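1. Give me coordinates for this.
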Amino acid sequence: MKKIEAFIRHESFDAIRAKLADMGLPSMSISEVKGSGRQGGYTESYRGAKTTIFMRPKLKLEMVVDDTDLDRAVDVILELAHTGEPGDGKIFIIPVEDAVRVRTGERGDIVLAPHPEDGP
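-> Numbers count the residues shown, from 1 in each chain. This next block holds a predicted model:
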């Protein structure tokens, strides 16, 4: 299992979420974050005073995927987050040792599987 942490522009999120869901990878968490990178800051004027803003707003997308789904998920994020401009973001891939489903206590790769349909 691998954890993907992707820092992306807000405007690319909807397309990424939809395509990952269509591929059977709907589980993710999103956080609004601010950060600085190589794109540098931008200058704003407020009440006549100019100030440079270095912390740009981004979305942090986090998801844990099976090793077999890793490349597909990363490829989707790369394809849909890329504009070619500075500030497109970063993707980090982190090994995950184990996972536990709180409701059932199940452990391991089964936690990443979709929930079976509940019977009558």
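2. going forward, measure contacts between C-alpha atoms and count neighbours the same way
-> OK.
3. Quick check: bridge partners of the residue nearest to Leu70 when sequence neighbours are not counted?
-> In space, and not counting its chain neighbours, Leu70 is closest to Lys2: 7.1 Å by Cα to Cα, 6 or more residues apart in numbering. Counting by DSSP bridges, Lys2 forms beta bridges with Val65, Pro95.
4. burial count for Gly48?
-> Per other Cα atoms under 10 Å, the neighbour tally for Gly48 reads 7.
5. show me where this protein has strands.
-> Using DSSP state E, the strands of the chain run over 2-8, 29-35, 42-46, 49-53, 56-65, 89-95.
6. quick check: longest helix of the chain.
-> If you go by DSSP state H, the chain has its longest helix at helix 70-81.
7. roughly how far apart are His10 and Lys58?
-> In this view, His10 and Lys58 are 6 Å apart by Cα to Cα, to the nearest Å.
8. Name the residues contacting each of these two.
-> With contacts taken as Cα atoms under 8 Å, 6 or more residues apart in numbering, not a single residue reaches both His10 and Lys58.
9. higher neighbour count, those two?
-> Lys58 (21 against 13).
10. Leu80 versus the more buried one, what's the distance?
-> Using Cα to Cα, we find Lys58 at a distance of 15 Å from Leu80.
11. And the average pLDDT for stretch 20-36 is what?
-> For stretch 20-36, mean pLDDT is 93.
12. what's the least confident helix or strand in the protein, going by average pLDDT?
-> Using mean pLDDT, DSSP states H and E, strand 42-46 stands out as the lowest-scoring helix or strand of the chain, at a mean of 76.
13. what sits up against that strand?
-> The contact list for strand 42-46, computed with Cα under 8 Å, 6+ apart, reads Lys50, Thr51, Thr52, Ile53, Phe54.
14. Quick one: low-confidence residue ranges for the protein.
-> By pLDDT under 70, the low-scoring segments of the chain are 39-42, 115-120.
15. Now the phi/psi pair for Gly48, please.
-> Backbone torsions for Gly48, taken as degrees, to the nearest 10, come to phi 80, psi -10.
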